[in-house]
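Enquirer: Give me coordinates for this.
(2 chains)
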Amino acid sequence: DAGVTQSPTHLIKTRGQQVTLRCSPISGHKSVSWYQQVLGQGPQFIFQYYEKEERGRGNFPDRFSARQFPNYSSELNVNALLLGDSALYLCASSFGSGGSNQPQHFGDGTRLSIL
Amino acid sequence: QQPVQSPQAVILREGEDAVINCSSSKALYSVHWYRQKHGEAPVFLMILLKGGEQKGHDKISASFNEKKQQSSLYLTASQLSYSGTYFCGTLPGGGNTPLVFGKGTRLSVIA
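Expert: Prediction:
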């Protein structure tokens, strides 16, 4: 079975632009979470979606938004890009709605560089 | 509240053992452990739930002491393939609260 797939793998943008990142979860997984990982740090939670509804939001500005589609794939949008948005963006899927006993399965990420 | 991992980095020779600690100032519901190799996605290792259980995955095991609000990851007879950065993720609440990851422990195993 295919794992979590993310596209694109790399992206270069300039300040002020907008970007859309895409994620397809493992087949059968209904929950998708987005994380931002800067160099030398652990992943930081941005959003979680389950059954197309937002279930959680991390401490990120309103420039960050996301949605989940009926096929459980997801998009993360970032507007008005700043230099500080440069990071690896990870998508993770899990079978249920998340919670203590649900492992997260990560994709390889999209590396976003802002010039 | 971000969990604190220690040590920040460790270098081992093949066959040596290591312990990585993860502690939180908040009461924990569960602890997740992941390993990330350079340029790759984090890979799930194991989850520990309240109850102090110990789990194992090959020669990697972990314990969870909810009274002390900490978890430890034990790597025995380390192999070159164990190299990577280990992250603990904690769930301060149950249900759908998001994982909060520590800053990671970089483990390097040399021949």
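Enquirer: same for the helix or strand of chain A with the lowest mean pLDDT, what does it pack against?
Expert: Using mean pLDDT, DSSP states H and E, strand A:53-57 stands out as the lowest-scoring helix or strand of chain A, at a mean of 89. In terms of contact count using 3 or more CB pairs under 8 Å, 6 or more residues apart in numbering or on different chains; DSSP states H and E, strand A:53-57 is assigned the packing partners strand A:44-50. Glycine gets a C-beta too; all of them are placed from N, C-alpha and C.
Enquirer: Tell me where chain A has strands.
Expert: Taking DSSP state E, the strands of chain A run over residues A:5-7, A:10-13, A:19-24, A:31-37, A:44-50, A:53-57, A:64-68, A:74-78, A:87-94, A:105-106, A:110-114.
Enquirer: Lowest average pLDDT across those strands?
Expert: When mean pLDDT is averaged over each of the strands of chain A, strand A:53-57 scores lowest at a mean of 89.
Enquirer: export that strand as PDB, just CAs?
Expert: Written as PDB, here are the backbone C-alpha positions of strand A:53-57 (Å, rounded to 0.1, in the frame of the first residue of the first chain):
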ATOM      1  CA  GLU A  53     -13.800  19.100   9.500                       C
ATOM      2  CA  GLU A  54     -11.100  21.100  11.300                       C
ATOM      3  CA  ARG A  55     -10.400  19.300  14.600                       C
ATOM      4  CA  GLY A  56      -7.400  21.400  15.800                       C
ATOM      5  CA  ARG A  57      -5.300  24.400  15.000                       C
END
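Enquirer: Would you indicate which residues of it are buried?
Expert: Neighbour counts using 16 or more other CB atoms under 10 Å in any protein chain shown place A:Arg55 of strand A:53-57 among the buried residues.
Enquirer: Tell me the gap between it and the middle of its chain.
Expert: In terms of CA atoms, centre = their mean, to the nearest Å, the gap separating the centre of strand A:53-57 from the centre of its chain is 12 Å.
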